[in-house]
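> Here you go, sequence then predicted model.
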Amino acid sequence: MAAPNSPPQTVAAARTRRRPFLESLAHLRRDPTTVVSAAILVLFILIAIFAPLIAGDPTALNPIRRLGPPAPDAWLGTDQLGRDVYARAVYGTRVSLIVGGAVAVLAAIPGVAIGIYASMNRVGGAIVMRLVDALMAIPAVLLAIALAALLKPGLPTLIIAISIPEIPRMVRLVRSVALSVTAQPYVTAAIAAGSSRSRLVFRHILPNTLAPVIVQATYAAASAIIASAILSFLGVGTSPEVPSWGGMMADARGFFRFNPELMFYPGLLLSVLLLVTNILGDRLSDALDPRKVTQKMP
Amino acid sequence: MLRYAAQRILAGIPILLLVSLFIFSLVHLTPGDPALLLAGDNASPAQVDEIRARLNLDQPLWRQFALWFGDAIRLDLGNSIYSGKPVTELIGQRVEPTLVLSTVTLILTVLIAVPLGAVSAWRANTIVDRLAMGFAVIGFSVPVFAIAYVLVYLFAVRWGVFPVQGYKPLDEGMLATLHSVTLPSVSLALVFAALIARVTRASVLDALNENYIRTAHAKGLGAPRILFWHALKSVGVPVVTVIGIGFATLIGGVVVTESVFNIPGIGRLTVDAITRRDYPVIQGSILFFSAMLILINLVVDLSYAAIDPRVRG
Amino acid sequence: MRHLIRRVALAAALLAPAMPALAQETLRLRMNGDVNTLDPISTTNFTVRNAAYLMFDTLYAMDETYQPQPQMAEGTEISEDGLTYTITLRDGLMFHDGSPVTAADAVASLERWGSVDGLGQTLFSKMESIEATDDRTLVIQLAEPWGLVLDALGKISSNVPVIMPAEQAATPASEAVQEPIGSGPYRLVPEEWVPGSVVVFEKFEDYVPRDEPPSMAAGGKIAHFDRVEAIYIPDTATAINALIAGEIDWIEEVPADMLRYFDGVDTAEAVAARQSGNSMQLVVNHLNPPFDDPLVRQALQLAVSQDDFLLAAYGDGEDRYLKCAAVFFCNGPYATDVNTDRVLERDPEAAQALLDEAGYDGTPVMLMHVSDIPTHDAYYAVLKPMLEEAGFTVEVQPSDWATVATRRASKEPVADGGWNVFFTGWGFVDQSNPMTNVYVSGACDDAWFGWACSDELQQLREDFAVAETEEERMALAEEMQRLTHDLVSYVPLGQAFPSVGIATDLEGYIESPVPFFWNLQRVE
């Protein structure tokens, strides 16, 4: 990982900065809670990838078999339109994971770029931070609902709608980390020694923002998963026949009294996925970010 | 202090302006023509043009924004496309339920979260701490509408103790109101308390490590007294801050709970307006929420400064 | 733990204030949608019609035998040649603002109604003049004899010819009157109207009911409640739970799936209503692509299967629905199976072939997925895969009923707020009569939403109005049905007998295809 042709003192500094990062990750491998959570997350990912192999068609309607009991071809019974609940639950994993993963990445990349820019440019930074303040003054869920409903409906819209409110949080975080890095004596020394701007970014700032950004991205993924469920529940997420846990729970409302399992299955899956994501976020945060620059937000 | 307050209030104005700009572009850059929606049954093209002119939709966008913002600061947010009523009137009708729901939730949250977080910190790394924080993580992980439905099923449908839905306004009596918002507030508070409990725990841990508490300990003061009289005092500030920040989260929850419990608040107004593409109401109600957020953060900042003079500067 | 819960529950129950005292005076209704306007001329939306009946009155009204009876009118004198109708108003009629109802108000109101309603348009086309000769007398002068004048004035369903003050009736029919004033048994309380949530009515103390006993819309309308609230509860299960818990008194429609909520419940019941039931349709917009092409419309007809819709909406309750493609209702006087095969047999391959023949270019069909009415919700979910299997491209947009009921009026392209198709239902009274059935008018731009256009249909309706024998009328009705299905004005989705949910402590609910709330009272 260490760059071979860096000036000696920078390499040393970078090493002392980076080693704890890898070491703390290694340390996590010995924590049973972390290992179990990670295993469950991997299981969810496998389910999502291999959905077509382990479940039937989640959109096939069969109105004659409405609200049917568990059967060999529908392990968890059927919903109000006779669709296989098991297949919908399995395919629903896809929407949650895609939204969670995509939002983590889509919040991180512009967040890091804008955050670093804001830390290095005085005037531009001030303008960016005012914009960030303004975006953060709009309640995230409302902003996401508005974006999702007013643009062309679909999964990409849903992801964009949830990502946009996440970006300002990332920007604030990255900027504050970058500012504190630039203030470090060894970095000011490097700047004085004529180190270039891009070197400053790639050698010093980026490596140091990595840990908190990973933690924050994990939290962003958790908050995106719950946001997509809320949006589907309110009927502005993905279109109604695309299987999603939030949508399944919304459909189950009318049958809650006699078929509570229709709400229970997707609710349980959603809760477990969120639980392991949150636990992993917490553990990563304890290990990588002991100063707690990241902010936990549901 | 006064100067600081003035500074902070002035800083809020450009943010509000930017927020308005965001909301305005959000609504105006998305497809769909409000004039056609408004024209309704069998309107002739001439009538549509007339409506377009009345709503200034024939003007360039920057001018439309200037006109809208000019009206907005005079508290004229236009008329709803859906119901034809002034947006300010629609918001005014619905402020009370949202405010009551948020306030009761906030009180419940503090009552649950602060003791929980404090006890966790006091017994840090014991089974008590693990259980309490385990609850907190679970609170984060269960969607608020799932909690809400379970509560409705048990307390409204099965035992008939609380109403299934609806909101009783304050002028029907305080008790009737509280009775109608109990289930929604509890559902929300369970989620929100998870956040506050974690922050409280972290702050109390910091405080417990500070010297004066160690000194108190050395002097032989009992543990509970230390906790509540020394640690909690220094915890107040960060917790207040988090409540301020968390208010944004709370608004998200309010939107959902208002839908589940059929409470005629601003959250439902906003969501309904969005699905109906009722542009003036979308603009007005999101602006209202943002103004509330800015105001609350202002109050939080000011109380922070009032408690701790070092913050002013 | 259970004990603790019980005890807390008990304490909370004791804290609950004296609700029963209030409940005695307030009637709480849950309609199928939100009441976003109370002007029943500006829309045919049944939710608006039902709410409007609380506050408006009509000159004539249908009784149980579908005969028009005087309501606001004292009576009518018909000249011997059948061309002059002299209608006298009852004494003491009063608008809610305290002004008296005059014949001039009635003329203005009828003119507004006649500018949009199908039957009203026919009535006005038969007229030479309509005028108020004094405060209590209006005279209708016909150009040719027409036997349905009083039936038209007593039209029970949308658009109902309600009477409002002349100043309000001057509003164009396309524009909703914002705070309408009526002269019915209940008065709108505009200050308490929260759009999207609740509309409040108060008993109008100056209303003078007729002496006759109530018979459907006719007879005395007695307001027993001080206050009526039409509460919008989007989620039906929540509404039913609220009804059972005594929080509301009436639900317009209980979906078949949810009938079992009422098992073993003594506070509320589900009653099969609207004696003759209603029918569901998929309405097609003839103005927008792809359905501006007759071949594509026929492909749509072949793409859908009535059985699946009926099953999705009514489940196992086979006694609750009827597979039916008769334009004028399967058990109506003009029921026929002419030209219904093409509607009742699904054939996706033939549909695909028609699409190919038409050169369908994949223009998406936009579905406004209504989610606040369970039947509609299920229908949209069923329709999408059917269309896709037949080769249509489909785009879904989440929506609610009030929005669709507004948007369907737009003749614009889909991108500008227009539409392609929507589901709706009509009652027996509207559909069984070729004069009022909206799908057989063929009136192009002046037709009901969808704007199906056919000169032949227009001619058939004119012939029907003057036909002299029942055989003649039946033959005309069959021809209308043949043309309507050829044209694909709509796709029929069968008939059903839905249930209303009603609190068991209510008495005096009037059996009618339109729900009325006068005479209803709470008993101990």
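Cool, the structure landed. Numbers count the residues shown, from 1 in each chain, chains lettered A, B, ... in the order given.
> does the longest helix along chain A come close to chain B?
Longest helix in chain A by number of residues (criterion: DSSP state H): helix A:85-120. No. Using Cβ under 8 Å from any Cβ of the partner chain, helix A:85-120 stays clear of chain B, coming no nearer than 11.4 Å. The C-beta positions use only the backbone N, C-alpha and C, and glycine is treated the same way.
> contacts for the next helix or strand along the chain from that helix?
Using DSSP states H and E, the next helix or strand after helix A:85-120 towards the C-terminus is helix A:122-136. By Cβ atoms under 8 Å, 6 or more residues apart in numbering or on different chains, the list of residues contacting helix A:122-136 from outside reads A:114, A:117-119, A:143, A:164-165, A:167-169, A:171-172, A:175, B:14-15, B:18-19, B:21-22, B:248.
> Buried ones among these?
Those of the contacts of helix A:122-136 that meet the buried threshold are A:114, A:117-119, A:143, A:164-165, A:167-169, A:171-172, A:175, B:15, B:18-19, B:22, B:248, by 16 or more other Cβ atoms under 10 Å in any protein chain shown.
> What residues does the stretch 101-250 of chain A have near chain B?
For the stretch 101-250 of chain A, the contact set with chain B under Cβ under 8 Å from any Cβ comprises A:130-131, A:133-143, A:145-147, A:149-152, A:222, A:226-227, A:229-230, A:233-236, A:246, A:249.
> If any of the residues you listed are buried, give me the ChimeraX selection for them.
Burial among those is assessed by 16+ other Cβ under 10 Å; the matching ChimeraX selection reads:
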select /A:131,133,134,135,136,137,138,139,140,141,142,143,145,146,147,149,150,151,222,226,227,229,230,233,234,235,236,246,249
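> from the residues of the stretch 101-250 of chain A next to chain B, which ones fall inside helices?
Among these, DSSP H puts A:130-131, A:133-136, A:140-143, A:145-147, A:149-150, A:222, A:226-227, A:229-230, A:233, A:246, A:249 in helices.
> how long is stretch C:279-292 from one end to the other?
25 Å (Cα to Cα, to the nearest Å).
> should've said stretch C:78-85
5 Å.
> Quick one: mean pLDDT over that stretch.
The pLDDT scores in stretch C:78-85 average 92.
> now the residue of the stretch 151-300 of chain B found nearest chain A, what's its secondary structure?
Using Cβ to the nearest Cβ, the single residue of the stretch 151-300 of chain B nearest to chain A is B:Gly252, 3.2 Å away. Three-state call for B:Gly252 (DSSP: H, G, I helix; E, B strand; the rest coil): helix.
> who are the neighbours in contact with the most centrally placed residue in chain A?
Geometric centre of chain A, nearest residue: A:Ala221, 1.4 Å, by Cα atoms, centre = their mean. Residues in contact with A:Ala221, defined by Cβ under 8 Å, 6+ apart, are A:Gly100, A:Gly101, A:Val103, A:Ala104, A:Thr277.
> Pick out the most distant pair among those.
A:Val103 and A:Thr277 (11.7 Å; Cβ to Cβ).
> what's the neighbour count on the residue of the stretch 51-200 of chain B found nearest chain A?
Closest approach between the stretch 51-200 of chain B and chain A, counting by Cβ to the nearest Cβ: B:Ser141, at 3.7 Å. The tally of other residues near B:Ser141 (other Cβ atoms under 10 Å in any protein chain shown) stands at 23.
> Surely it and A:Gly281 touch.
No. Contact criterion Cβ atoms under 8 Å: B:Ser141 and A:Gly281 do not qualify, at 11.0 Å.
> Please tell me how far the residue nearest to the spatial centre of chain B sits from B:Met133.
With distances taken as Cα atoms, centre = their mean, B:Ile251 lies nearest the centre of chain B, 3.2 Å away. To B:Met133, B:Ile251 is 25 Å away according to Cβ to Cβ, to the nearest Å.
> Let me know the angle separating the longest helix of chain A from helix A:122-136.
Angle, helix A:85-120 to helix A:122-136, by axes from the mean of the first three to the mean of the last three Cα atoms, to 10 degrees: 150 degrees.
> Now do helix A:85-120: distance to the chain's middle.
Remark: helix A:85-120 is offset 4 Å from the chain centroid, using Cα atoms, centre = their mean, to the nearest Å.
> elements contacting that helix?
Under the contact definition 3 or more Cβ pairs under 8 Å, 6 or more residues apart in numbering or on different chains; DSSP states H and E, helix A:85-120 sits against helix A:32-49, helix A:51-54, helix A:122-136, helix A:155-182, helix A:206-233, helix A:245-252, helix A:261-288.
> Turn these into CSV, columns for mean pLDDT.
Below are the helices and strands packed on helix A:85-120 laid out as CSV (pLDDT from 0 to 100):
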stretch, mean pLDDT
helix A:32-49, 94
helix A:51-54, 92
helix A:122-136, 88
helix A:155-182, 89
helix A:206-233, 88
helix A:245-252, 89
helix A:261-288, 89
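> could I get those helices as a markdown table with distance to C:Gly450?
As requested, those are exported to a markdown table (distance: least, Cβ to Cβ, whole Å):
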| stretch | distance to C:Gly450 |
| --- | --- |
| helix A:32-49 | 43 |
| helix A:51-54 | 40 |
| helix A:122-136 | 44 |
| helix A:155-182 | 30 |
| helix A:206-233 | 32 |
| helix A:245-252 | 29 |
| helix A:261-288 | 36 |
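> Which one, of these, ends up nearest to C:Phe428?
helix A:245-252 (31.3 Å).
> got the contact list for stretch C:344-353?
With contacts defined as Cβ under 8 Å, 6+ apart, stretch C:344-353 is touched by C:299-306, C:323, C:325, C:386, C:389-391.
> so which of those is the most crowded?
C:Ala299 (29 neighbours).
> pLDDT at that residue, what is it?
Per-residue pLDDT puts C:Ala299 at 94.
> Let me know the secondary structure of it.
Secondary structure of C:Ala299, reduced to three states by three-state DSSP: helix.
> How about the contacts made by C:Val394?
Contacts for C:Val394 (Cβ under 8 Å, 6+ apart) come out as C:Pro364, C:Val365, C:Leu367, C:Lys384, C:Leu387, C:Glu388.
> Of the contacts of A:Ala221, which is the nearest to C:Gly184?
Within the contacts of A:Ala221, proximity to C:Gly184 (Cβ to Cβ) peaks at A:Val103, which comes in at 53.8 Å.
> That closest one against A:Ala224, yeah?
Yes. Contact criterion Cβ under 8 Å: A:Val103 and A:Ala224 qualify, at 3.5 Å.
> Residues that sit against both of the two, list them.
Overlap of the contact sets of A:Val103 and A:Ala224 (by Cβ under 8 Å, 6+ apart) consists of A:Ile162, A:Ser163, A:Glu166.
> so how far is A:Val128 from the second one?
Note on A:Ser163: its distance to A:Val128, by Cβ to Cβ, is 17 Å.
> The residue nearest to the centre of chain B touches A:Leu143, doesn't it?
No. B:Ile251 is not in contact with A:Leu143 according to Cβ under 8 Å; the separation is 10.6 Å.
> What strand or helix carries the closest residue to chain A within the stretch 201-350 of chain C?
Per Cβ to the nearest Cβ, C:Leu311 is where the stretch 201-350 of chain C lies closest to chain A, at 3.6 Å. According to DSSP H and E, C:Leu311 maps onto helix C:306-314.
> Much appreciated, bye for now.
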